[in-house]
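Chemist: sequence and predicted structure below; questions after.
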Amino acid sequence: MAWFSSNLTRRNLLRLGAGGVLGWSLPQMLALQATADSNRRSGRAKSVLVILEQGGMSHIDTWDPKPDVVLDHRSPYKPVATRVPGMQFTELLTKTARIADKLAVVRSMHHRNGRVASGHPDGTQYALSGSHPGSAFEMPDIGSMVAHVLGTECRDLPPYIMVPGNHEQAGMTRTGFLPAGTRVFKTGGRDLSAREWNITSNLTRADVPTPRLIGRQHLLESLENRSPGHAGINPGGMDRFYEQAFAMMTSPRVAAAFDYQGEPTKIRDRYGRGHRGACYLVGRKLIEAGVRFVTVDVRWPLTSETPLGGNLNWDHHDYIYTSGTCNLPGAGGGGAGRYGIGHWVMMGSVDHAFSALIEDLDQRGLLDETLVCFITEFGRTPRLNRHQGRDHHVGAYSIAFAGAGVPGGQVIGRSDRDGGYVTDLPFNPENYAVSIYEKLGIDRSLPVYTSSNRPMFIGHGFEPITQLF
(Lines give C-alpha, C1' and ligand atoms only; values in the text may rest on other atoms or scores of the structure.)
Protein backbone atom coordinates (compact mmCIF):
# COMPACT_ATOMS: atom_id res chain seq x y z
CA MET A 1 0.00 0.00 0.00
CA ALA A 2 2.94 2.32 0.61
CA TRP A 3 4.00 1.97 -3.06
CA PHE A 4 0.41 2.59 -4.14
CA SER A 5 0.06 5.85 -2.24
CA SER A 6 3.50 7.20 -3.08
CA ASN A 7 3.68 6.31 -6.77
CA LEU A 8 0.08 6.36 -8.01
CA THR A 9 -0.09 10.12 -8.07
CA ARG A 10 -2.94 12.22 -9.38
CA ARG A 11 -1.12 12.64 -12.68
CA ASN A 12 -0.36 8.95 -13.10
CA LEU A 13 -3.87 7.81 -12.26
CA LEU A 14 -5.55 10.14 -14.73
CA ARG A 15 -2.96 9.14 -17.29
CA LEU A 16 -4.03 5.53 -16.81
CA GLY A 17 -7.63 6.56 -17.19
CA ALA A 18 -7.02 8.67 -20.29
CA GLY A 19 -4.47 6.44 -21.94
CA GLY A 20 -7.01 4.11 -23.47
CA VAL A 21 -9.23 6.92 -24.61
CA LEU A 22 -7.35 9.65 -26.40
CA GLY A 23 -3.78 8.59 -25.78
CA TRP A 24 -1.12 9.53 -23.32
CA SER A 25 -0.48 12.93 -24.90
CA LEU A 26 -3.93 14.48 -24.42
CA PRO A 27 -3.35 16.20 -21.06
CA GLN A 28 -0.09 17.58 -22.35
CA MET A 29 -1.94 18.99 -25.34
CA LEU A 30 -4.39 20.68 -23.01
CA ALA A 31 -1.49 22.06 -21.03
CA LEU A 32 -0.46 24.12 -24.02
CA GLN A 33 -3.03 26.70 -23.00
CA ALA A 34 -0.62 27.80 -20.28
CA THR A 35 1.57 29.54 -22.87
CA ALA A 36 -1.24 30.93 -25.01
CA ASP A 37 -0.28 34.57 -24.57
CA SER A 38 3.47 34.53 -24.01
CA ASN A 39 4.49 34.59 -27.68
CA ARG A 40 1.35 36.15 -29.20
CA ARG A 41 1.37 39.48 -30.95
CA SER A 42 -1.56 41.21 -32.57
CA GLY A 43 -2.31 38.88 -35.47
CA ARG A 44 -5.29 38.90 -37.77
CA ALA A 45 -5.94 35.15 -37.70
CA LYS A 46 -7.22 33.34 -34.64
CA SER A 47 -7.27 29.94 -36.30
CA VAL A 48 -5.97 28.12 -39.36
CA LEU A 49 -7.76 25.64 -41.60
CA VAL A 50 -5.46 23.78 -44.00
CA ILE A 51 -6.91 21.79 -46.88
CA LEU A 52 -4.20 19.27 -47.75
CA GLU A 53 -4.99 17.56 -51.04
CA GLN A 54 -2.20 15.02 -50.87
CA GLY A 55 -0.59 13.31 -53.85
CA GLY A 56 0.60 16.25 -55.93
CA MET A 57 -2.33 18.00 -57.60
CA SER A 58 -1.74 19.12 -61.18
CA HIS A 59 -1.46 22.90 -61.15
CA ILE A 60 -1.83 23.27 -64.92
CA ASP A 61 -5.20 21.50 -64.77
CA THR A 62 -6.52 23.65 -61.93
CA TRP A 63 -5.10 26.96 -60.64
CA ASP A 64 -2.61 27.77 -63.41
CA PRO A 65 -4.07 27.09 -66.89
CA LYS A 66 -1.61 26.89 -69.79
CA PRO A 67 -3.69 27.04 -73.00
CA ASP A 68 -0.69 27.70 -75.26
CA VAL A 69 1.21 24.49 -74.48
CA VAL A 70 1.89 22.26 -77.47
CA LEU A 71 -1.22 20.21 -78.19
CA ASP A 72 0.31 16.82 -77.31
CA HIS A 73 0.87 17.94 -73.71
CA ARG A 74 -1.95 20.47 -73.27
CA SER A 75 -4.64 20.01 -70.65
CA PRO A 76 -8.07 19.35 -72.17
CA TYR A 77 -9.61 21.56 -69.48
CA LYS A 78 -10.06 25.08 -70.83
CA PRO A 79 -9.46 28.31 -68.94
CA VAL A 80 -12.58 29.91 -67.47
CA ALA A 81 -13.13 33.45 -66.33
CA THR A 82 -13.53 34.04 -62.61
CA ARG A 83 -15.36 36.71 -60.70
CA VAL A 84 -12.19 38.80 -60.93
CA PRO A 85 -11.43 40.30 -64.36
CA GLY A 86 -8.26 38.81 -65.85
CA MET A 87 -8.00 36.03 -63.26
CA GLN A 88 -8.55 32.57 -64.74
CA PHE A 89 -8.73 29.00 -63.46
CA THR A 90 -9.52 25.90 -65.51
CA GLU A 91 -13.04 24.62 -65.96
CA LEU A 92 -12.38 22.04 -63.23
CA LEU A 93 -12.74 24.97 -60.79
CA THR A 94 -15.91 26.52 -62.19
CA LYS A 95 -17.63 26.88 -58.80
CA THR A 96 -14.44 28.09 -57.15
CA ALA A 97 -14.12 30.72 -59.91
CA ARG A 98 -17.24 32.38 -58.47
CA ILE A 99 -15.45 33.06 -55.17
CA ALA A 100 -12.13 34.13 -56.72
CA ASP A 101 -12.55 37.58 -55.17
CA LYS A 102 -11.86 35.93 -51.80
CA LEU A 103 -8.80 33.97 -52.95
CA ALA A 104 -5.10 34.70 -53.36
CA VAL A 105 -3.54 32.06 -55.60
CA VAL A 106 0.23 31.61 -55.44
CA ARG A 107 1.41 30.18 -58.78
CA SER A 108 5.10 30.37 -57.98
CA MET A 109 5.61 27.68 -55.36
CA HIS A 110 8.67 25.48 -55.76
CA HIS A 111 11.00 23.35 -53.63
CA ARG A 112 14.48 24.19 -52.51
CA ASN A 113 16.82 21.32 -53.36
CA GLY A 114 13.92 19.56 -55.03
CA ARG A 115 15.70 16.24 -55.44
CA VAL A 116 15.26 15.60 -51.72
CA ALA A 117 11.57 16.55 -51.49
CA SER A 118 10.23 15.26 -54.81
CA GLY A 119 8.74 12.08 -53.34
CA HIS A 120 5.47 11.90 -51.46
CA PRO A 121 6.81 11.21 -47.95
CA ASP A 122 9.37 14.03 -47.96
CA GLY A 123 7.08 16.31 -49.96
CA THR A 124 4.25 15.83 -47.49
CA GLN A 125 6.51 16.40 -44.52
CA TYR A 126 7.77 19.57 -46.21
CA ALA A 127 4.21 20.79 -46.65
CA LEU A 128 3.19 19.92 -43.08
CA SER A 129 6.26 21.40 -41.41
CA GLY A 130 7.28 24.21 -43.74
CA SER A 131 10.84 23.04 -43.20
CA HIS A 132 12.97 21.16 -45.71
CA PRO A 133 13.19 17.47 -44.72
CA GLY A 134 16.93 17.61 -45.38
CA SER A 135 17.44 20.09 -42.53
CA ALA A 136 19.80 19.32 -39.65
CA PHE A 137 16.92 19.21 -37.16
CA GLU A 138 13.63 17.44 -37.72
CA MET A 139 11.13 20.24 -37.43
CA PRO A 140 7.60 19.84 -36.11
CA ASP A 141 4.40 20.29 -38.08
CA ILE A 142 3.28 23.88 -38.39
CA GLY A 143 0.19 22.85 -36.42
CA SER A 144 2.30 21.43 -33.61
CA MET A 145 4.37 24.60 -33.45
CA VAL A 146 1.25 26.76 -33.35
CA ALA A 147 -0.23 24.56 -30.64
CA HIS A 148 2.96 24.82 -28.59
CA VAL A 149 3.30 28.58 -28.86
CA LEU A 150 -0.33 29.70 -28.75
CA GLY A 151 -2.21 26.87 -27.10
CA THR A 152 -5.96 26.99 -27.62
CA GLU A 153 -9.04 28.86 -26.49
CA CYS A 154 -11.12 25.69 -26.86
CA ARG A 155 -10.72 23.77 -23.60
CA ASP A 156 -12.59 20.67 -24.73
CA LEU A 157 -10.59 19.81 -27.84
CA PRO A 158 -6.91 19.44 -28.80
CA PRO A 159 -5.37 22.52 -30.43
CA TYR A 160 -4.21 20.60 -33.54
CA ILE A 161 -6.59 18.17 -35.26
CA MET A 162 -6.38 16.33 -38.57
CA VAL A 163 -9.53 15.14 -40.34
CA PRO A 164 -9.43 12.20 -40.87
CA GLY A 165 -5.64 11.77 -40.85
CA ASN A 166 -5.38 8.62 -42.92
CA HIS A 167 -4.14 9.77 -46.32
CA GLU A 168 -1.25 7.95 -47.99
CA GLN A 169 1.44 9.93 -46.13
CA ALA A 170 -0.44 10.68 -42.90
CA GLY A 171 2.44 9.09 -40.98
CA MET A 172 4.67 12.01 -41.95
CA THR A 173 3.27 14.23 -39.19
CA ARG A 174 6.02 15.23 -36.75
CA THR A 175 6.47 16.83 -33.35
CA GLY A 176 10.20 17.31 -33.93
CA PHE A 177 11.90 18.79 -30.88
CA LEU A 178 8.59 19.79 -29.27
CA PRO A 179 6.91 17.91 -26.42
CA ALA A 180 4.88 14.88 -27.43
CA GLY A 181 1.77 16.68 -26.24
CA THR A 182 1.85 18.84 -29.37
CA ARG A 183 1.17 15.81 -31.54
CA VAL A 184 -1.76 16.06 -33.92
CA PHE A 185 -4.99 14.32 -32.97
CA LYS A 186 -6.32 12.35 -35.96
CA THR A 187 -10.04 11.67 -36.05
CA GLY A 188 -9.80 8.57 -38.20
CA GLY A 189 -12.63 7.32 -40.34
CA ARG A 190 -12.47 5.51 -43.66
CA ASP A 191 -15.57 7.21 -45.02
CA LEU A 192 -16.84 10.22 -43.10
CA SER A 193 -19.98 10.30 -45.22
CA ALA A 194 -21.05 6.90 -43.86
CA ARG A 195 -24.02 7.15 -41.52
CA GLU A 196 -22.24 5.16 -38.82
CA TRP A 197 -19.18 7.45 -38.65
CA ASN A 198 -18.76 9.47 -35.49
CA ILE A 199 -15.95 10.57 -33.26
CA THR A 200 -17.28 8.81 -30.15
CA SER A 201 -15.48 5.57 -30.93
CA ASN A 202 -12.21 7.49 -30.93
CA LEU A 203 -12.92 9.24 -27.64
CA THR A 204 -14.21 6.44 -25.46
CA ARG A 205 -13.97 2.66 -25.47
CA ALA A 206 -16.69 0.20 -24.69
CA ASP A 207 -14.67 -1.06 -21.72
CA VAL A 208 -14.18 2.47 -20.36
CA PRO A 209 -17.72 3.91 -20.27
CA THR A 210 -18.44 7.33 -18.81
CA PRO A 211 -19.61 5.98 -15.40
CA ARG A 212 -16.32 4.12 -15.08
CA LEU A 213 -14.36 7.27 -15.87
CA ILE A 214 -16.34 9.20 -13.30
CA GLY A 215 -15.63 6.43 -10.80
CA ARG A 216 -11.92 6.80 -11.48
CA GLN A 217 -12.16 10.53 -10.87
CA HIS A 218 -13.88 9.96 -7.54
CA LEU A 219 -11.25 7.39 -6.57
CA LEU A 220 -8.58 9.91 -7.49
CA GLU A 221 -10.10 12.57 -5.30
CA SER A 222 -10.34 10.12 -2.41
CA LEU A 223 -6.70 9.10 -2.79
CA GLU A 224 -5.54 12.69 -2.82
CA ASN A 225 -7.53 13.56 0.28
CA ARG A 226 -5.86 10.70 2.13
CA SER A 227 -2.35 10.91 0.70
CA PRO A 228 0.32 13.16 2.19
CA GLY A 229 2.09 15.62 -0.03
CA HIS A 230 -0.90 16.59 -2.10
CA ALA A 231 -2.07 19.53 -0.02
CA GLY A 232 -1.72 22.90 -1.65
CA ILE A 233 -1.54 21.61 -5.24
CA ASN A 234 -0.93 24.51 -7.58
CA PRO A 235 -4.19 25.00 -9.50
CA GLY A 236 -2.18 26.33 -12.41
CA GLY A 237 0.01 23.22 -12.62
CA MET A 238 -0.25 20.09 -14.72
CA ASP A 239 -3.03 18.66 -12.55
CA ARG A 240 -5.39 21.26 -13.93
CA PHE A 241 -4.73 19.98 -17.44
CA TYR A 242 -5.48 16.41 -16.45
CA GLU A 243 -8.78 17.67 -15.12
CA GLN A 244 -9.38 19.20 -18.54
CA ALA A 245 -8.47 15.92 -20.18
CA PHE A 246 -11.17 14.24 -18.12
CA ALA A 247 -13.62 16.97 -19.10
CA MET A 248 -12.85 16.41 -22.78
CA MET A 249 -13.56 12.71 -22.51
CA THR A 250 -16.99 13.31 -21.03
CA SER A 251 -18.04 16.62 -22.61
CA PRO A 252 -21.05 16.48 -24.94
CA ARG A 253 -19.57 19.47 -26.79
CA VAL A 254 -16.83 17.26 -28.18
CA ALA A 255 -19.25 14.95 -29.96
CA ALA A 256 -21.28 17.95 -31.13
CA ALA A 257 -18.22 19.54 -32.73
CA PHE A 258 -17.85 16.52 -35.00
CA ASP A 259 -21.53 15.85 -35.63
CA TYR A 260 -21.84 17.20 -39.16
CA GLN A 261 -24.81 14.90 -39.81
CA GLY A 262 -26.89 17.20 -37.64
CA GLU A 263 -26.29 20.05 -40.07
CA PRO A 264 -29.22 21.22 -42.24
CA THR A 265 -29.76 19.31 -45.46
CA LYS A 266 -29.06 22.45 -47.49
CA ILE A 267 -25.60 22.80 -45.92
CA ARG A 268 -24.69 19.13 -46.38
CA ASP A 269 -25.80 19.23 -50.00
CA ARG A 270 -23.77 22.38 -50.60
CA TYR A 271 -20.59 20.67 -49.38
CA GLY A 272 -21.43 17.46 -51.21
CA ARG A 273 -22.74 14.20 -49.80
CA GLY A 274 -19.57 12.15 -50.31
CA HIS A 275 -16.44 11.70 -48.20
CA ARG A 276 -14.74 14.92 -49.29
CA GLY A 277 -17.72 17.12 -48.50
CA ALA A 278 -18.05 15.51 -45.08
CA CYS A 279 -14.35 16.08 -44.31
CA TYR A 280 -14.49 19.74 -45.31
CA LEU A 281 -17.68 20.25 -43.28
CA VAL A 282 -16.15 18.69 -40.15
CA GLY A 283 -13.20 21.03 -40.66
CA ARG A 284 -15.53 24.03 -40.60
CA LYS A 285 -17.29 22.75 -37.48
CA LEU A 286 -13.98 22.37 -35.63
CA ILE A 287 -12.99 25.91 -36.53
CA GLU A 288 -16.39 27.06 -35.32
CA ALA A 289 -15.81 25.15 -32.06
CA GLY A 290 -12.60 27.14 -31.52
CA VAL A 291 -9.89 24.64 -32.48
CA ARG A 292 -6.70 26.55 -33.23
CA PHE A 293 -5.28 24.52 -36.14
CA VAL A 294 -7.21 22.08 -38.32
CA THR A 295 -5.86 20.10 -41.28
CA VAL A 296 -8.34 18.39 -43.60
CA ASP A 297 -6.87 15.64 -45.75
CA VAL A 298 -9.02 13.65 -48.14
CA ARG A 299 -8.44 10.38 -49.87
CA TRP A 300 -11.78 9.19 -51.19
CA PRO A 301 -12.37 5.63 -49.96
CA LEU A 302 -12.84 2.57 -52.10
CA THR A 303 -16.58 2.00 -52.45
CA SER A 304 -18.90 0.05 -54.70
CA GLU A 305 -19.30 3.23 -56.74
CA THR A 306 -15.53 3.51 -57.30
CA PRO A 307 -14.23 0.06 -58.28
CA LEU A 308 -10.42 0.01 -58.62
CA GLY A 309 -10.32 3.30 -56.69
CA GLY A 310 -8.07 2.01 -53.96
CA ASN A 311 -5.90 5.13 -53.57
CA LEU A 312 -7.82 8.17 -54.77
CA ASN A 313 -5.24 10.86 -54.20
CA TRP A 314 -3.63 13.09 -56.87
CA ASP A 315 -0.72 10.90 -57.97
CA HIS A 316 -1.79 10.78 -61.62
CA HIS A 317 1.10 8.93 -63.28
CA ASP A 318 -1.35 7.08 -65.55
CA TYR A 319 -4.16 8.32 -67.80
CA ILE A 320 -4.81 11.55 -65.94
CA TYR A 321 -7.56 12.56 -68.38
CA THR A 322 -9.60 9.38 -68.46
CA SER A 323 -13.26 9.70 -67.53
CA GLY A 324 -13.12 6.77 -65.10
CA THR A 325 -10.45 4.57 -63.56
CA CYS A 326 -6.81 5.16 -64.47
CA ASN A 327 -6.16 1.41 -64.31
CA LEU A 328 -6.35 0.99 -68.09
CA PRO A 329 -4.36 -1.24 -70.44
CA GLY A 330 -0.89 0.21 -70.91
CA ALA A 331 -0.77 1.90 -67.50
CA GLY A 332 2.62 1.92 -65.85
CA GLY A 333 1.25 1.07 -62.42
CA GLY A 334 2.55 4.16 -60.66
CA GLY A 335 -0.88 5.73 -60.80
CA ALA A 336 -2.86 2.68 -59.77
CA GLY A 337 -5.93 3.26 -57.63
CA ARG A 338 -6.95 6.60 -59.10
CA TYR A 339 -9.70 8.03 -61.24
CA GLY A 340 -9.14 10.69 -63.88
CA ILE A 341 -8.68 14.19 -62.54
CA GLY A 342 -12.02 15.37 -63.95
CA HIS A 343 -14.08 12.67 -62.22
CA TRP A 344 -16.50 13.67 -59.44
CA VAL A 345 -14.50 11.94 -56.69
CA MET A 346 -11.48 13.93 -57.80
CA MET A 347 -11.79 17.59 -58.89
CA GLY A 348 -15.58 17.55 -59.12
CA SER A 349 -15.96 17.10 -55.39
CA VAL A 350 -13.05 19.47 -54.64
CA ASP A 351 -14.60 22.32 -56.61
CA HIS A 352 -17.94 21.68 -54.93
CA ALA A 353 -16.65 21.39 -51.35
CA PHE A 354 -13.99 24.11 -51.40
CA SER A 355 -16.28 26.77 -52.82
CA ALA A 356 -18.90 25.78 -50.24
CA LEU A 357 -16.36 25.98 -47.41
CA ILE A 358 -15.26 29.53 -48.25
CA GLU A 359 -18.83 30.75 -48.69
CA ASP A 360 -19.96 29.05 -45.48
CA LEU A 361 -17.11 30.46 -43.40
CA ASP A 362 -17.81 33.90 -44.81
CA GLN A 363 -21.54 33.77 -44.13
CA ARG A 364 -20.93 32.65 -40.55
CA GLY A 365 -18.48 35.47 -39.91
CA LEU A 366 -15.61 33.01 -39.43
CA LEU A 367 -13.57 33.89 -42.50
CA ASP A 368 -12.40 37.20 -41.05
CA GLU A 369 -10.38 35.44 -38.35
CA THR A 370 -9.66 32.10 -40.05
CA LEU A 371 -6.75 31.66 -42.43
CA VAL A 372 -7.68 29.04 -45.02
CA CYS A 373 -4.81 27.41 -46.91
CA PHE A 374 -5.37 25.06 -49.87
CA ILE A 375 -2.14 23.12 -50.42
CA THR A 376 -0.59 20.06 -52.00
CA GLU A 377 2.98 18.76 -51.67
CA PHE A 378 4.04 19.54 -55.26
CA GLY A 379 2.64 19.74 -58.79
CA ARG A 380 2.76 17.60 -61.92
CA THR A 381 5.08 17.69 -64.92
CA PRO A 382 4.16 19.96 -67.84
CA ARG A 383 4.72 17.07 -70.25
CA LEU A 384 2.64 13.92 -70.38
CA ASN A 385 4.58 10.70 -69.94
CA ARG A 386 4.23 7.62 -72.16
CA HIS A 387 1.38 6.37 -69.95
CA GLN A 388 -0.59 9.57 -70.60
CA GLY A 389 -0.03 10.70 -67.04
CA ARG A 390 1.94 13.45 -65.34
CA ASP A 391 4.76 12.76 -62.90
CA HIS A 392 5.98 14.54 -59.75
CA HIS A 393 7.15 18.09 -60.31
CA VAL A 394 8.64 20.56 -57.81
CA GLY A 395 9.81 23.27 -60.22
CA ALA A 396 6.49 25.10 -60.06
CA TYR A 397 3.09 24.47 -58.50
CA SER A 398 0.19 26.38 -56.96
CA ILE A 399 -1.48 26.84 -53.58
CA ALA A 400 -4.26 29.21 -52.49
CA PHE A 401 -5.22 31.30 -49.45
CA ALA A 402 -8.33 32.99 -48.14
CA GLY A 403 -9.51 34.77 -45.01
CA ALA A 404 -7.83 36.50 -42.08
CA GLY A 405 -7.28 39.70 -44.04
CA VAL A 406 -5.78 38.06 -47.13
CA PRO A 407 -6.45 40.43 -50.07
CA GLY A 408 -8.53 38.31 -52.41
CA GLY A 409 -8.85 38.42 -56.16
CA GLN A 410 -5.14 38.20 -56.85
CA VAL A 411 -2.62 35.90 -58.48
CA ILE A 412 0.81 35.93 -56.85
CA GLY A 413 3.85 34.94 -58.88
CA ARG A 414 4.06 33.23 -62.26
CA SER A 415 5.27 30.06 -63.87
CA ASP A 416 6.57 29.84 -67.41
CA ARG A 417 4.57 29.12 -70.57
CA ASP A 418 4.49 25.37 -69.88
CA GLY A 419 4.07 25.56 -66.10
CA GLY A 420 7.48 24.00 -65.60
CA TYR A 421 9.42 26.64 -63.68
CA VAL A 422 8.81 29.79 -61.67
CA THR A 423 9.54 33.04 -63.52
CA ASP A 424 8.41 35.63 -60.97
CA LEU A 425 8.18 35.88 -57.15
CA PRO A 426 9.44 32.40 -56.21
CA PHE A 427 8.18 31.01 -52.90
CA ASN A 428 8.67 27.70 -51.11
CA PRO A 429 7.06 25.90 -48.15
CA GLU A 430 9.21 27.87 -45.71
CA ASN A 431 7.59 31.10 -46.94
CA TYR A 432 4.19 29.43 -46.63
CA ALA A 433 4.86 28.42 -43.01
CA VAL A 434 6.22 31.83 -42.04
CA SER A 435 3.12 33.45 -43.54
CA ILE A 436 0.95 31.36 -41.21
CA TYR A 437 3.02 32.32 -38.17
CA GLU A 438 2.85 35.99 -39.10
CA LYS A 439 -0.90 35.84 -39.69
CA LEU A 440 -1.33 34.38 -36.20
CA GLY A 441 0.79 37.12 -34.69
CA ILE A 442 3.55 34.81 -33.47
CA ASP A 443 6.70 36.73 -32.63
CA ARG A 444 9.43 34.92 -34.56
CA SER A 445 12.14 36.92 -32.83
CA LEU A 446 11.48 34.87 -29.69
CA PRO A 447 13.03 31.39 -29.62
CA VAL A 448 11.31 28.12 -28.86
CA TYR A 449 13.42 25.90 -26.62
CA THR A 450 14.15 22.20 -27.09
CA SER A 451 14.14 19.72 -24.20
CA SER A 452 17.88 20.32 -23.87
CA ASN A 453 17.24 24.08 -23.57
CA ARG A 454 18.57 24.84 -27.02
CA PRO A 455 16.91 27.91 -28.59
CA MET A 456 15.23 27.35 -31.95
CA PHE A 457 13.88 30.20 -34.05
CA ILE A 458 10.70 29.76 -36.08
CA GLY A 459 11.17 30.19 -39.80
CA HIS A 460 14.61 31.68 -39.31
CA GLY A 461 15.99 33.29 -42.47
CA PHE A 462 12.69 33.27 -44.40
CA GLU A 463 10.11 35.95 -45.06
CA PRO A 464 6.34 35.69 -45.37
CA ILE A 465 4.51 36.06 -48.66
CA THR A 466 3.96 39.79 -48.30
CA GLN A 467 1.09 39.91 -50.81
CA LEU A 468 -1.04 38.02 -48.28
CA PHE A 469 -0.90 40.96 -45.85
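Modeler: Now that the structure is in, tell me what you want to look at.

Chemist: make it CA atoms for all contacts and neighbour counts henceforth
Modeler: OK.

Chemist: low pLDDT regions in the stretch 1-150 of the chain?
Modeler: The stretch 1-150 of the chain contains residues with pLDDT under 70 at 1-42, 114-116.

Chemist: could you pull out the strands for it?
Modeler: 47-52, 79-81, 88-90, 103-109 (DSSP state E, counting those that start in this stretch).

Chemist: now tell me what touches the second one from outside.
Modeler: Residues outside strand 79-81 that contact it (CA atoms under 8 Å, 6 or more residues apart in numbering) are 65, 67, 87-91, 94, 97.

Chemist: please apply the same query to the third one.
Modeler: Strand 88-90 has contacts (CA under 8 Å, 6+ apart) with 61-65, 77-82, 97.

Chemist: could you dump these into a markdown table and include neighbour count?
Modeler: Converted to a markdown table, those look like this (neighbours: other CA atoms under 10 Å):
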| residue | neighbour count |
| --- | --- |
| 61 | 26 |
| 62 | 24 |
| 63 | 26 |
| 64 | 26 |
| 65 | 23 |
| 77 | 19 |
| 78 | 17 |
| 79 | 23 |
| 80 | 16 |
| 81 | 17 |
| 82 | 21 |
| 97 | 24 |
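
Chemist: from those residues, pick the one nearest residue 425.
Modeler: Taking CA to CA as the measure, residue 425 sits nearest to residue 64 out of the contacts of strand 88-90, at 14.9 Å.

Chemist: how much space between that closest one and residue 128?
Modeler: 23 Å (CA to CA, to the nearest Å).

Chemist: how about residue 94?
Modeler: Applying CA to CA to residue 94 and residue 128 gives a distance of 28 Å.

Chemist: the two: which has the busier surroundings?
Modeler: Shown here are residue 94 and residue 128; by other CA atoms under 10 Å, residue 128 has more neighbours (27 against 20).

Chemist: so the more buried one touches residue 173, yeah?
Modeler: Yes. Under the contact definition of CA atoms under 8 Å, residue 128 touches residue 173, with a separation of 6.9 Å.

Chemist: you'd agree residue 400 is in a helix?
Modeler: No. Looking at residue 400 with DSSP: H, G, I helix; E, B strand; the rest coil, it is strand, so not inside a helix.

Chemist: contacting residues for it?
Modeler: Residues in contact with residue 400 (CA under 8 Å, 6+ apart) are 103-106, 373-375.

Chemist: likewise for residue 445?
Modeler: By CA under 8 Å, 6+ apart, residue 445 lies in contact with 457-458.

Chemist: which residues in the stretch 151-300 of the chain form strands?
Modeler: Going by DSSP E, counting those that start in this stretch, the stretch 151-300 of the chain shows strands at 160-163, 185-186, 293-297.

Chemist: so which of these is nearest residue 452?
Modeler: Going by CA to CA, the one of the strands of the stretch 151-300 of the chain nearest residue 452 is strand 160-163, 24.1 Å.

Chemist: quick one: average pLDDT of the closest one?
Modeler: Taken as a whole, strand 160-163 carries a mean pLDDT of 96.

Chemist: quick one: residues in contact with that strand.
Modeler: 143-144, 147, 182-188, 279, 282-283, 291-298.

Chemist: I figured residue 278 hits residue 194, correct?
Modeler: No. Residue 278 sits out of contact with residue 194 when judged by CA under 8 Å, with a separation of 9.2 Å.

Chemist: give me the more crowded residue out of the two.
Modeler: Taking neighbours as other CA under 10 Å, residue 278 and residue 194 compare with residue 278 leading, 24 against 14.

Chemist: which ones are touching the more buried one?
Modeler: The contact partners of residue 278, by CA under 8 Å, 6+ apart, come to 192-193, 260, 268, 271-272.

Chemist: coming back round to it: got any residues that touch both of residue 128 and residue 173?
Modeler: With CA under 8 Å, 6+ apart, residue 128 and residue 173 have common neighbours residue 141.

Chemist: how about the helices in the protein?
Modeler: 2-7, 10-19, 26-31, 94-97, 120-129, 142-150, 200-203, 210-226, 238-250, 252-258, 265-271, 275-289, 349-363, 429-439 (DSSP state H).

Chemist: tell me which of the contacts of strand 88-90 is nearest to residue 322?
Modeler: Set against residue 322, the nearest of the contacts of strand 88-90 by CA to CA is residue 77 (12.2 Å).

Chemist: quick check: the closest one touching residue 61?
Modeler: Yes. In this structure, residue 77 is within contact of residue 61 by CA under 8 Å, at 6.5 Å.

Chemist: any common contacting residues for those two?
Modeler: With CA under 8 Å, 6+ apart, residue 77 and residue 61 have common neighbours 90, 92.

Chemist: any idea how far the residue most central in space within the chain is from residue 45?
Modeler: Residue closest to the mean C-alpha point of the chain, counted by CA atoms, centre = their mean, is residue 295 at 1.8 Å. Residue 295 is 15 Å from residue 45, where distance means CA to CA.

Chemist: what does stretch 140-147 contact?
Modeler: By CA under 8 Å, 6+ apart, stretch 140-147 touches 29, 32, 125, 128-130, 159-160, 173-178, 182-184, 292-294, 433, 437.

Chemist: now the buried members of those.
Modeler: Among the contacts of stretch 140-147, those buried by neighbour count (16 or more other CA atoms under 10 Å) are 29, 32, 125, 128-130, 159-160, 173-178, 182-184, 292-294, 433, 437.

Chemist: how about residue 409: what's its closest non-neighbour residue?
Modeler: Leaving aside its sequence neighbours, residue 409 sits nearest to residue 101 (CA to CA, 6 or more residues apart in numbering; 3.9 Å).

Chemist: the one you found contacts residue 87, correct?
Modeler: No. Under the criterion of CA under 8 Å, residue 101 makes no contact with residue 87, lying 9.4 Å away.

Chemist: what do these two both touch?
Modeler: Common neighbours of residue 101 and residue 87 (criterion: CA under 8 Å, 6+ apart): 409-410.

Chemist: confidence score at residue 168?
Modeler: 86.

Chemist: that one - how many residues pack around it?
Modeler: If you count neighbours by other CA under 10 Å, residue 168 ends up with 18.
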